[in-house]
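>>> here's my sequence, what's the structure:
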Amino acid sequence: MTVQFHQDEALVTMSEAAINVVRSLMAQKNIQGYALRVFVTGGGCAGFQYGMAFEKEPRPGDHVIEVAEDVRVVIDPTSAVYLAGSHIDYVDNLMGGGFRIENPNAVASCGCGHSFRTKEADSAGTAGGCSCG
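Got it, this is the predicted structure:
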């Protein structure tokens with residue numbers, strides 16, 4: 001499977017709230033100029049799970065998305081297949097706050113929003129039960 005998106009389309013987008021949290025975290029950690037790596041790994045209660053980490057430099061082959069003048073998102077090619085068209089938001093409510101990824105490629109996601117299942121995994125019957133806390 002290859003990722004196809006037009007030059008004028010962003011691979012992922014990010015809300016202003018999420019951008020502000022990333023800025024704040026980078027300032028707290030004194031890592032201005034780093035990028036937010038967003039990735040997908042196998043696992044989680046729905047088949048795949050999201051991950052995020054700060055990185056100083058993109059790796060060869062990474063997609064680099066400038067979501068704001070001072071905030072970049074980097075995504076490896078494999079994760080890009082699963083994240084294409086996603087929107088990253090930050091939600092803060094009485095039950096706590098956290099990043100939330102609205103992923104059009106997910107046919108099901110766990111209640112906590114940290115794991116998801118794709119159409120291909122759904123038809124293969126690889127889903128497990130949700131164990132979010």
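
>>> give me the residue at the spatial middle of this protein.
The chain has Val38 as the residue nearest its centroid, 4.4 Å off, counting by CA atoms, centre = their mean.

>>> for that one, list each beta-bridge partner.
Met52 (DSSP bridges).

>>> ok, it touching Met52?
Yes: judged on CB atoms under 8 Å, Val38 makes contact with Met52 at a distance of 5.5 Å. In short, each C-beta sits where N, CA and C put it, glycine included.

>>> show me the contact partners of stretch 34-44.
Contact partners of stretch 34-44, identified using CB atoms under 8 Å, 6 or more residues apart in numbering, comprise 12, 22, 26, 48-58, 64, 71-76, 78-79, 82-83, 88, 101, 110, 114-116.

>>> in helices, which of the residues you listed fall?
Where the contacts of stretch 34-44 overlap with helices, as defined by DSSP state H, the overlap consists of Val22, Met26, Thr78, Ser79, Tyr82, Leu83.

>>> for these, which one is nearest Asn93?
The shortest gap between Asn93 and any of the ones in helices among the contacts of stretch 34-44 belongs to Val22, at 19.0 Å (CB to CB).

>>> was I right about the closest one contacting Ile88?
No: applying CB under 8 Å as the test, Val22 and Ile88 come out as separate, 9.1 Å apart.

>>> just the buried subset of the contacts of stretch 34-44, please.
Buried residues within the contacts of stretch 34-44, defined by neighbour count using 16 or more other CB atoms under 10 Å: 12, 22, 26, 48-50, 58, 71-76, 79, 82-83, 88, 101, 110, 114-116.
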